[in-house]
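Trainee: coords below, sequence missing:
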């Protein structure tokens, strides 16, 4: 097991990326404390400076963990399985549970190191006074430590089931961002009633570490609508630790049950052809899928870009039956939200409903775009398909266009499914129509920007996994970390600073347009549209230049 | 002689100070099969990449059907079908869809594409795979689909990088037949392989390359002749006593550098000689006159493996067994 830990952990430490991450984080934490360290001979009796720094610090660590934690465990098992080294390990005298434990310790070790790197800065906050060791410091590190283990276990669990490092990474990011952010939404909508559904939503939000960290840092509840949230005897932190602890144990047991020959015992894809089945089976399948994925497809028509069709046919979410499912889900959610707005419940105006719709769409953009676009070029290079594409008479521009259109179409279809919600909103509040159009333009910019940036990133890598991680990190930083700065508006960040930071976030601009509480005081739209335009152009130029370079003889 | 279909002139490729390919000149006629052999890292793939327009030569030039491989890379794509050593498959794609995609990429009209796919699948004996998922195919099946893909746009020249790699004996025989069939259709083939007995059965021309240099080039018979100036002769005798007798007689008759050896268990004596056919006949006559019981007197054939080993050995020791 020591050998596995050495390979998993020490090799990670030796990599340039992890070294850069460690140094970068250490510097950021140190800088944070240095900037807020009291320089005047006055006593801060309320200890506001220390509390502010500790809050930024706590949320910063949470974001770092959410963004970085999936990168290592998600590829750990599947990469070894595909390389064949996992089979060699299983063939050795080391029992499977020790191999698993070695991997888990290796991944957790790195995440713990990131937490340890933050300890000196946290200690400096404590020395400024006003931070309780037992009620703030220890619970925060307890929650973050458990979160590291939880995400490592989750990543390994997904990695055991995935067929490629890339798909494992995408799934892990999808699950983590969904459990951390989307799990908060049902309770946000249902809070205030005592129904069973509300109770379920209350427990569902315990999957997210955000309420727990907010509670520890004394920020109340996320999206609190003025309703006194009953956290029960355990509190949000206690509930998170209970839910995360139980799910971690369950995932470990399930992974260990699978961590043997079953990993390799997988049948080949079914060669089923719907066209060769009897009429009744075909009808049943047609009713279930609407567009049957197993039917024989016609050739690529002359006026279509072959790369565009190829992308749609080979990508899971690009395939018609999946698209239809996503569209239906988006349309239903959007209509429910619009219906709620039309009911004008006591606490919910069109501004809040609009804000939630914008956030949901932002979630869709952040979750889907890197997953679709970050492998456009890198995936092709990794699979060996790029060399074959180079051997065809297709120009670099045609390849780029086909690939970009495949993502833009998918995103357009998914996002347009939420349009009915906006239309209902515009019908209910006609005076908001022009604002709604502006919101849609902001979302359009966000989509284009996300697609172009992810695609440009994909052209810089030779493997999909690092391209995906980079694309998720860049987009999450733009859309999530800027909102994190907004969370600290007034203290310590001034209005001007927050406005400048938010101006790079099209989602913030959309929320300002629709006058979501907390955003209405900023002026973001014009500067955001300029930034998005420049960003889109720069990314597109980079993508075209890089693709042209890749198609040229070396 | 007609105009060569494939020609390289003093082709050189350097990566910094490392010379991957040094002054390579070869030419091939239509319908010929060139076996391009060499150890790993010898420069085979570098040559191929220059020929298909994926790499830029540092010096020299390469032509396919008179078209410069680097200057007119787009034209070259229509003239060459290239099968790299990696397959390059896509998920969730069936063989027909996979070929349809490359057919569309090669701008084969939609109305003709279906027919063309059927033709290339038939040529490569892969028709039964058309509804199967590409990723579920075995290695041998993928190789056949790979060749079908290279044939889609009906290129004049096929360049196949390790097509027999990882194939079982049955699949190798099938692959050999497919390649011979393609040559009979007038296609010019360049095939790299480590499986030399397979190559020796199908190639008209052989090029042996090591450390970026062409060590031997020509027909297999020419190379054998150049490589093996001396012949290995094996004499089968009637038992152990006769073996000793023959060994003693030959020791007297042959010069010391003949590498004379005997195997009592096999009742065989072997030696190397540069004797002519007449001198060989005289040698046999003398043995018979000395009452040596000879049951067989034969020359051991040098095969491509021997030639390859001889050439690579010569190149590592500084000598070059070139044409």
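Mentor: Looks like it came in fine. Computed from a prediction, not measured in an experiment: that's the story for all the values here. Residues are numbered from 1 along each chain as shown, chains lettered A, B, ... in the order given.
Trainee: Distance of residue A:525 relative to chain B?
Mentor: Distance, residue A:525 to chain B, using CB to the nearest CB, to the nearest Å: 41 Å. Every C-beta, even on glycine, is put in place using the N, C-alpha and C of the backbone.
Trainee: And for residue A:87?
Mentor: Counting by CB to the nearest CB - residue A:87 and chain B are separated by 17 Å.
Trainee: helix/strand/coil for that residue?
Mentor: Following DSSP: H, G, I helix; E, B strand; the rest coil, we place residue A:87 in the helix state.
Trainee: So what does the residue nearest to it when sequence neighbours are not counted have for phi and psi?
Mentor: Excluding its sequence neighbours, the residue lying closest to residue A:87 (CB to CB, 6 or more residues apart in numbering or on different chains) is residue A:264, at 6.5 Å. Backbone torsions of residue A:264, given as degrees, to the nearest 10, read phi -100, psi -10.
Trainee: quick one, domains of the chain?
Mentor: I'll assume chain A. A:2-34+A:47-261, A:274-303, A:304-551 (automatic domain parsing).
Trainee: try again with chain B
Mentor: Split by automatic domain parsing, chain B gives B:6-226, B:230-300.
Trainee: okay, now residue B:118: neighbour count?
Mentor: 14 (other CB atoms under 10 Å in any protein chain shown).
Trainee: tell me which element it falls in.
Mentor: Assessed by DSSP states H and E, residue B:118 sits inside helix B:110-123.
Trainee: just to revisit the earlier point, mean neighbour count, the domains of chain A: which tops it?
Mentor: Using mean count of other CB atoms under 10 Å in any protein chain shown, the stretch among the domains of chain A with the largest mean neighbour count is domain A:304-551, at a mean of 20.
Trainee: Can you give the distance of it from its chain's centre?
Mentor: 12 Å (CA atoms, centre = their mean, to the nearest Å).
Trainee: which SS class is residue A:56?
Mentor: Per three-state DSSP, residue A:56 ends up helix.
Trainee: where in the stretch 201-350 of chain A is pLDDT low?
Mentor: For the stretch 201-350 of chain A, the stretches flagged by pLDDT under 70 are A:220-234, A:266-271, A:289-291, A:316-321, A:337-338, A:340-350.
Trainee: so what's the closest residue in space to residue A:111 that isn't next to it in sequence up against?
Mentor: Using CB to CB, 6+ apart and skipping the chain neighbours, the partner closest in space to residue A:111 is residue A:148 (3.8 Å). By CB atoms under 8 Å, 6 or more residues apart in numbering or on different chains, the residues touching residue A:148 are A:65, A:69, A:108, A:111-112, A:115.
Trainee: what would the domains of chain B look like in CSV with distance to residue A:76?
Mentor: What follows is those, written out as CSV (distance: least, CB to CB, whole Å):
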stretch, distance to residue A:76
domain B:6-226, 21
domain B:230-300, 55
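Trainee: Format these as CSV; extra columns: distance to residue A:95 and mean pLDDT.
Mentor: Formatted as CSV, these follow (distance: least, CB to CB, whole Å; pLDDT from 0 to 100):
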stretch, distance to residue A:95, mean pLDDT
domain B:6-226, 32, 87
domain B:230-300, 50, 86
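Trainee: To chain A, which of these lies closest?
Mentor: The closest of the domains of chain B to chain A is domain B:6-226. By CB to the nearest CB, the value is 3.7 Å.
Trainee: distance between the closest one and the chain's centre?
Mentor: 12 Å.
Trainee: Next: stretch A:75-92.
Mentor: Worked out by CA atoms, centre = their mean, stretch A:75-92 lies 27 Å from the chain centre.
Trainee: Stretch A:16-28 now?
Mentor: For stretch A:16-28 - counting by CA atoms, centre = their mean - the centre lies 21 Å from the chain centre.
Trainee: and the longest helix for the chain?
Mentor: No chain specified, so I'll use chain A. For chain A, the longest helix by residue count, based on DSSP state H, is helix A:96-128.
Trainee: My question was about chain B, not that one.
Mentor: helix B:169-184.
Trainee: quick one, that one and helix B:110-123 angle?
Mentor: 130 degrees (axes from the mean of the first three to the mean of the last three CA atoms, to 10 degrees).
Trainee: buried ones in helix B:169-184?
Mentor: For helix B:169-184, burial by neighbour count (16 or more other CB atoms under 10 Å in any protein chain shown) applies to B:171-172, B:174-176, B:178-179, B:182-183.
Trainee: What I need now is those written out in JSON lines, including distance to residue A:174 for each item.
Mentor: Putting the buried residues of helix B:169-184 into JSON lines (distance: CB to CB, whole Å) gives the following:
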{"residue": "B:171", "distance to residue A:174": "40"}
{"residue": "B:172", "distance to residue A:174": "44"}
{"residue": "B:174", "distance to residue A:174": "44"}
{"residue": "B:175", "distance to residue A:174": "43"}
{"residue": "B:176", "distance to residue A:174": "48"}
{"residue": "B:178", "distance to residue A:174": "44"}
{"residue": "B:179", "distance to residue A:174": "46"}
{"residue": "B:182", "distance to residue A:174": "47"}
{"residue": "B:183", "distance to residue A:174": "51"}
